[in-house]
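[1] Sequence first, then the predicted structure:
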Amino acid sequence: MDDKSMWRVVIAAVAITTVGGLYFYNQYKNGQPNLLNASQNEQVAPQHEGEPLIFSGNILPFTIIEAVRNYTNPSVPDAQISVMIEESGHMEDWAATAAYLVRLAEKNGAITGKVRVFLNNPWGDRSPTEYKNLADAYFDLRPEGERVGSGFDVFVAQEIAPKPLIAYDEYVNELAGAIPTGLSNEALDRLNKKQEEMARQFVVNRYQLPSSWQYQSKNTYMLSQDSIDGKHIGIVAIESKNDVNNMQDCLQSNNGTDLVRGCIRSGEFSYILPDEKRRPPINFKAHNLIASDITTSDTCENFIKFVDMHKKLSPADTSHNNVFLGTLIFSARVDADTIGNNYPRLLIGFLAQCHENPKLDITSAMRLAAEKAGMSIQE
């Protein structure tokens with residue numbers, strides 16, 4: 001397994017642990033490290049002194065999608081950062097921006113983490129990311145032998161992908177999410193070709209391209225499989241100190257829960273397909289909420305229907321449901337510090353709101369239940 005594959009395994013494991021841990025955050029309430037309170041006036045070194053540089057670049061202006069610290073493992077705080085930049089710069093700038101954000105995360109107490117730099121797009125950091133991802137950086141400050149990779153690996157694209165290619169990739173992915181199961185190989189092949197043609201026509205019309213336009217992938221639009229040692233990436237200039245200050249604020253923010261703190265962009269990124277066509281219908285026969293394809297934007301009516309159909313749960317399915325509820329609480333932006341020991345009361349209030357307002361989306365129902373119980377909502 002190469003460095004990049006190993007990083008992906010570690011990051012996936014951290015993400016899964018993070019969401020699962022949300023349900024149990026009250027257990028950690030009194031055990032947080034002082035890393036949460038790093039000085040806001042601490043300056044971040046532009047680069048590691050004495051390191052021979054491979055190349056240098058500018059820190060480009062960026063929009064924050066996500067900048068959080070994960071304290072599921074209090075001894076190894078983990079940072080997850082995603083930003084979008086406008087269509088500008090070169091690979092040196094994208095790599096330098098990612099490397100600089102790693103250093104910001106380090107200065108604010110993170111031991112491990114991942115930084116992702118995307119081209120500004122309507123779909124944010126949601127998969128598929130191949131053509132909109134300009135740079136990824138992974139860091140691990142643990143001693144050699146405990147860490148993954150070199151400890152500071154940056155992967156960068158060589159070119160910005162054309163926006164029609166990104167839109168095509170996004171549309172094909174959304175269409176694929178609605179493919180029914182049980183098709184023969186021949187039927188699946190026919191459907192895939194039909195969907196690819198639908199996506200091609202969509203892109204031609206949306207971007208007013210020649211009718212002969214065809215999808216053409218290009219490796220230089222995707223992240224290189226070879227990493228660059230981030231310690232050897234220098235900084236020429238910071239184009240927006242305000243953006244850097246905003247990131248600093250996010251990495252020091254206590255918004256969120258005791259396990260996950262920081263900033264997450266409010267509001268949903270857009271989809272091309274309407275919801276009912278974008279994904280398969282809810283699977284009410286699934287054993288747990290995660291497997292059911294219910295999302296945090298679904299209605300109380302569907303949620304209650306699913307719960308009523310699943311009275312007897314295995315320990316594993318109960319655990320999966322807890323993960324879903326933890327995600328729902330985070331989505332509703334309920335302030336963990338105001339929940340205290342009233343978690344059961346919050347869930348009872350949530351179910352009551354859903355029974356009273358079956359057409360309400362479950363995120364809003366959770367938010368209303370928290371407000372009624374006197375808990376704070378983060379803006």
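    Alright, I've got the coordinates. Numbering: from 1, shown residues only.

[2] those strands in the stretch 1-150 of the chain, which residues are they?
    For the stretch 1-150 of the chain, the strands defined by DSSP state E, counting those that start in this stretch occupy 55-59, 63-70, 78-85, 112-119, 133-140.

[3] Report all helices and strands that the first one contacts.
    To tie it back to what came earlier, the one meant is strand 55-59. helix 91-107, strand 233-238 (3 or more C-beta pairs under 8 Å, 6 or more residues apart in numbering; DSSP states H and E). Any C-beta I mention is one placed from the backbone N, CA and C, and that applies to glycine too.

[4] Any buried residues in it, and which?
    56-59 (16 or more other C-beta atoms under 10 Å).

[5] can I get the strands of the stretch 1-150 of the chain in TSV with mean pLDDT and distance to Glu146?
    TSV is the format used below for the strands of the stretch 1-150 of the chain (pLDDT from 0 to 100; distance: least, C-beta to C-beta, whole Å):
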stretch	mean pLDDT	distance to Glu146
strand 55-59	93	29
strand 63-70	94	18
strand 78-85	96	14
strand 112-119	96	10
strand 133-140	96	8
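
[6] out of those, nearest to His355?
    His355 sits nearest to strand 63-70 of all the strands of the stretch 1-150 of the chain, at 32.8 Å, using C-beta to C-beta.

[7] where does Leu328 land in three-state SS?
    helix (DSSP: H, G, I helix; E, B strand; the rest coil).

[8] In this structure it contacts Thr295, no?
    No: with contact defined as C-beta atoms under 8 Å, Leu328 and Thr295 do not form a contacting pair (9.7 Å).

[9] More neighbours: these two, which one.
    Leu328 (23 against 19; other C-beta atoms under 10 Å).

[10] Asp153 sits in which helix or strand?
    strand 152-156 (DSSP states H and E).

[11] what's the model's confidence in whichever helix or strand comes after that strand, averaged?
    With elements assigned by DSSP H and E, the helix or strand that comes after strand 152-156 is helix 163-176. For helix 163-176, mean pLDDT rounds to 91.

[12] For helix 163-176, buried residues please.
    In helix 163-176, counting by 16+ other C-beta under 10 Å, buried: 163-175.

[13] likewise stretch 194-212?
    Buried, per 16+ other C-beta under 10 Å, within stretch 194-212: 195-196, 199-200, 202-204.

[14] give the contact list for Lys132.
    Contact analysis of Lys132 by C-beta atoms under 8 Å, 6 or more residues apart in numbering lists 118-119, 121, 123, 161, 166.

[15] What's the separation between Ser364 and Ser314?
    Distance of Ser364 to Ser314, computed by C-beta to C-beta, to the nearest Å: 30 Å.

[16] And Gly89, by the same measure?
    Following C-beta to C-beta, the distance that separates Gly89 from Ser314 is 51 Å.

[17] Which one's more surrounded, these two?
    The residue with more neighbours, out of Gly89 and Ser314, is Gly89; 21 against 10, by other C-beta under 10 Å.

[18] what's the distance between that one and Ala79?
    Distance from Gly89 to Ala79, by C-beta to C-beta: 23 Å.

[19] Check Val154 too.
    Val154 is 15 Å from Ala79, by C-beta to C-beta.
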